[in-house]
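Participant: need a 3D model of the sequence below.
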Amino acid sequence: MHVRVHTVVDSPIGPLTLVAEDGELAGLYMDNQRHLPPVETFGEPDPAPLRVALAQLEEYFAGRRTEFDLPLAMGGTPFQRSVWNALREIPYGETVSYRGLAEQIGRPTAIRAVGLANGKNPISIIVPCHRVIGTGGNLTGYGGGLGRKRHLLDFERGADLLNGADTAAPRPMAVLPA
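Facilitator: Coordinates of the predicted model:
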């Protein structure tokens, strides 16, 4: 039997729920996220097994981390895992189209299936599904909402600083009460 625990943290894009399974990150969900699993599957509240993931997320949102180095417990079908593994290869601050991702995994005609797998990514941000855009450069589909997708892409590209937006130090993440 697998042991699952979770914690909820505040972040610049709203509350995030992190789920660990047997000590590995198994989920990172935004509030009101599409394809959100039932909350009762998250396990008991316990931030301890998620300490490293929380630290890396805090570094990411502070602009000090561009890659994550965490053990992940990725479920899903073999096809979904191939898409999710390809997502991890998209460099920080860059994007790829759904078509490009389909070609990258050797399934050039599976654009729609790639989009569906991308949408079911259980570990958003760390497995950066926000970096996938439409062929014409349009922002399309994001389980956490297009506003969050735009925020993450702008953040990674440094647009907040370039556009003269509020450049105050990012607020630290905080564990929210269970």
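Participant: which helices and strands sit right next to the helix or strand harbouring Trp84?
Facilitator: Trp84 belongs to helix 78-87 when elements are defined using DSSP states H and E. Using 3 or more Cβ pairs under 8 Å, 6 or more residues apart in numbering; DSSP states H and E, the elements in contact with helix 78-87 are helix 98-104, helix 111-119. From N, CA and C alone the C-beta is placed, and that goes for glycine too.
Participant: now it: buried residues?
Facilitator: Across helix 78-87, burial judged by 16 or more other Cβ atoms under 10 Å covers Gln80, Ser82, Val83, Trp84, Ala86, Leu87.
Participant: and for stretch 92-108?
Facilitator: Buried, per 16+ other Cβ under 10 Å, within stretch 92-108: Thr95, Val96, Ser97, Tyr98, Arg99, Gly100, Leu101, Ala102, Glu103, Gln104, Ile105.
Participant: can you list contacts of it?
Facilitator: 66-67, 79, 82-83, 86-87, 89-90, 109-111, 113-115, 118, 128, 131-135, 140, 153, 156-158 (Cβ atoms under 8 Å, 6 or more residues apart in numbering).
Participant: can I get the buried part of these as one PyMOL selection?
Facilitator: To isolate the buried subset of the contacts of stretch 92-108 in PyMOL, counting by 16+ other Cβ under 10 Å, use the following:
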select buried, resi 82+83+86+87+90+110+111+113+114+115+118+128+131+132+133+153+156
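Participant: if we can go back for a sec, tabulate the helices and strands packed on helix 78-87 (a markdown table), appending distance to Val39 and mean pLDDT.
Facilitator: What follows is those, written out as a markdown table (distance: least, Cβ to Cβ, whole Å; pLDDT from 0 to 100):
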| stretch | distance to Val39 | mean pLDDT |
| --- | --- | --- |
| helix 98-104 | 30 | 95 |
| helix 111-119 | 19 | 93 |
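Participant: sounds good, over and out.
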